[in-house]
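Engineer: Give me coordinates for this.
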Amino acid sequence: MTNDPKSQPSLNRAIGPFELTLYALGSMLGSGIYALVGKAAGVVGNAVWLSFVAALCAALLTALSYASLGSRYPRAGGASYVTDRAFGWPILSFAVGLALVCSGMTSVATQSRVFASNLASLFGATSIPVEALALGFLLITAGIVFRGIRESMWVNIVCTLVEAAGLLIVIAVSFSYWGSVDYFETPASTVDGSTALLILQGSILTFFAFIGFEDTYNVAEEVKNPETTIPIALVAAMLLATVLYIAVAISAVSVVPYQELSAAPAPLAAVMEKAAPAFPAVVLVIITMFAVANTALLNYVTASRMLYGMSNQQLLPRVVGRVHPTRQTPHIAILILLALLAPLMLSANISDLASATVLLLLFTFAIVNAALFVLKRRPGEAEGRFEIPAWVPALGCLLCLVLIVVRVASGDIKAPLIAGILIAGILGLYWLLARQKEAPQT
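Structural biologist: Model (predicted):
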């Protein structure tokens, strides 16, 4: 078989504006709103909704950069590609690409275990090891991703609508409580701090509810008319998520005092228990399972497309980027991920790894923002259909660096240490692959 990329099958352009909007929305809704609203309420009090507004403003800077890049360079593995185009350092592009892959893999492995645990408790399958159920979930997810992007999109649509319906149920049963509290009240114990500072601290937490928007860029080669579809879908999804988040935040503190909400292990379940005690608790478990499954599916799709894109950039062996002739999916990349995910899912330290990959994700956001800033100022660089002022990526880059500093300064030394080890491993792999390329062919 020839390795000429022009002779290979291409990915299937099957994603329209509606599907891509739900793809981005599903990525964000599964990012932790169910837990984050309680943690943020503990910091900000009833003004937690303002933290989501502030977080939107912060996340929108990077999201707009991704939207603009999607309109300029619509290709799989876009973050790695634009890094190389802007800076011309293959080692940096390699690090950005694999950092995103690591983030996606950690998420898939984590969600697999969470799904398996919920499944076991739902059906009382205590005799079946959680690891076996998680492996079965991984195999099914890999099968859907291999089957085709159209099939993956349909599963995502169903899961996203179920996720959104779960949040709408919380809002609906809580609506009669709206107006019962002061929505600008903050914790009394922080009288020395200003409200603005508290909202900023809360926004650092709620910022992570918006992570996931970046996934849209990595399916660019499977999007119809990506130059306009990506910006429209990404911004629309961000605004939809914000409306849901603010309504959920207002609902939560209206029903449950923020002191209790912050201490609740499942904040939205606590809201439902008080606002609608007759509502079957099992429904929330099922909705959670849909959210978890969707997060895993979308991260699997994203990671496989990143590997595919990096292969086309010749940062990874050409074989990694092969496309199945009938399914039109990067089947080798999908299989490689499955081989790596199975042992990772069995790891006892996935939560520590997840915290570390959040730092890597912020690192890639900073690099991508910087890349757009450089490209916008380069003479002769073609513009896209969605252009933004140069200060947007500049401010987005600065904000991501600030978030990294805040995370590192929080006192959790494990996450930065593991992130450093991952970066070292990525750089080591780059060195090995570079040596293999330089080795004389026999």
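Engineer: Output stretch 203-211 as PDB - backbone C-alpha positions only.
Structural biologist: This file holds the C-alpha atoms of stretch 203-211, laid out as PDB (Å, rounded to 0.1, in the frame of the first residue of the first chain):
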ATOM      1  CA  SER A 203     -14.800  32.600  38.100                       C
ATOM      2  CA  ILE A 204     -11.500  30.700  38.300                       C
ATOM      3  CA  LEU A 205     -13.500  27.700  39.400                       C
ATOM      4  CA  THR A 206     -16.400  28.100  37.000                       C
ATOM      5  CA  PHE A 207     -14.000  28.700  34.000                       C
ATOM      6  CA  PHE A 208     -13.500  25.000  33.800                       C
ATOM      7  CA  ALA A 209     -17.200  24.400  33.200                       C
ATOM      8  CA  PHE A 210     -16.500  25.900  29.700                       C
ATOM      9  CA  ILE A 211     -13.600  23.700  28.800                       C
END
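Engineer: how close does residue 67 get to residue 366?
Structural biologist: 17 Å (C-beta to C-beta, to the nearest Å). Quick note: C-beta positions are derived from backbone N, CA and C, even for glycine.
Engineer: next one: residue 179
Structural biologist: 41 Å.
Engineer: The two: which is more packed in?
Structural biologist: Legend: neighbour count by other C-beta atoms under 10 Å for residue 179 and residue 366, higher for residue 366 (22 against 9).
Engineer: That one sits in which helix or strand?
Structural biologist: In the assignment (DSSP states H and E), residue 366 maps to helix 350-376.
Engineer: C-terminal to that helix, what's the next element?
Structural biologist: helix 391-408.
Engineer: Give the other helices and strands that the very next helix or strand once past that next one contacts.
Structural biologist: Where DSSP H and E defines the elements, the next helix or strand beyond helix 391-408 is helix 414-438. Under the contact criterion of 3 or more C-beta pairs under 8 Å, 6 or more residues apart in numbering; DSSP states H and E, helix 414-438 touches helix 90-123, helix 350-376, helix 391-408.
Engineer: Which elements pack onto the longest one?
Structural biologist: With contacts defined as 3+ C-beta pairs under 8 Å, 6+ apart, the packing partners of helix 90-123 are helix 78-87, helix 130-147, helix 281-312, helix 331-345, helix 350-376, helix 414-438.
Engineer: Turn the helices and strands packed on helix 414-438 into a markdown table, including distance to residue 14 and mean pLDDT.
Structural biologist: A markdown table is the format used below for those (distance: least, C-beta to C-beta, whole Å; pLDDT from 0 to 100):
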| stretch | distance to residue 14 | mean pLDDT |
| --- | --- | --- |
| helix 90-123 | 21 | 88 |
| helix 350-376 | 26 | 87 |
| helix 391-408 | 30 | 89 |
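Engineer: Retrieve the pLDDT associated with residue 142.
Structural biologist: We have a pLDDT of 95 for residue 142.
Engineer: Give the full set of residues in contact with it.
Structural biologist: Residue 142 sits next to 300, 334-335, 337-338 when contact means C-beta atoms under 8 Å, 6 or more residues apart in numbering.
Engineer: export the residues you listed to JSON lines and tack on pLDDT and distance to residue 427?
Structural biologist: Compiled in JSON lines, the contacts of residue 142 are given as follows (pLDDT from 0 to 100; distance: C-beta to C-beta, whole Å):
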{"residue": "300", "pLDDT": "94", "distance to residue 427": "25"}
{"residue": "334", "pLDDT": "95", "distance to residue 427": "25"}
{"residue": "335", "pLDDT": "95", "distance to residue 427": "25"}
{"residue": "337", "pLDDT": "94", "distance to residue 427": "21"}
{"residue": "338", "pLDDT": "93", "distance to residue 427": "25"}
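Engineer: Quick one: buried ones out of those?
Structural biologist: The neighbour-count criterion (16 or more other C-beta atoms under 10 Å) marks 300, 334, 337-338 among the contacts of residue 142 as buried.
Engineer: Out of those residues, flag the one nearest to residue 105.
Structural biologist: Set against residue 105, the nearest of these by C-beta to C-beta is residue 337 (6.6 Å).
Engineer: what sits against that closest one?
Structural biologist: Residues in contact with residue 337 (C-beta under 8 Å, 6+ apart) are 105, 108, 142, 300, 303-304, 307.
Engineer: just residue 242 next, same as before
Structural biologist: 52-53, 56.
Engineer: Near residue 280, how many other residues are there?
Structural biologist: Residue 280: 10 neighbours (other C-beta under 10 Å).
Engineer: Repeat that for residue 437.
Structural biologist: Using other C-beta under 10 Å, residue 437 is surrounded by 10 other residues.
Engineer: before we move on, the earlier item: export the buried ones among the contacts of residue 142 as TSV, with columns for distance to residue 240.
Structural biologist: As requested, the buried ones among the contacts of residue 142 are exported to TSV (distance: C-beta to C-beta, whole Å):
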residue	distance to residue 240
300	23
334	29
337	29
338	32
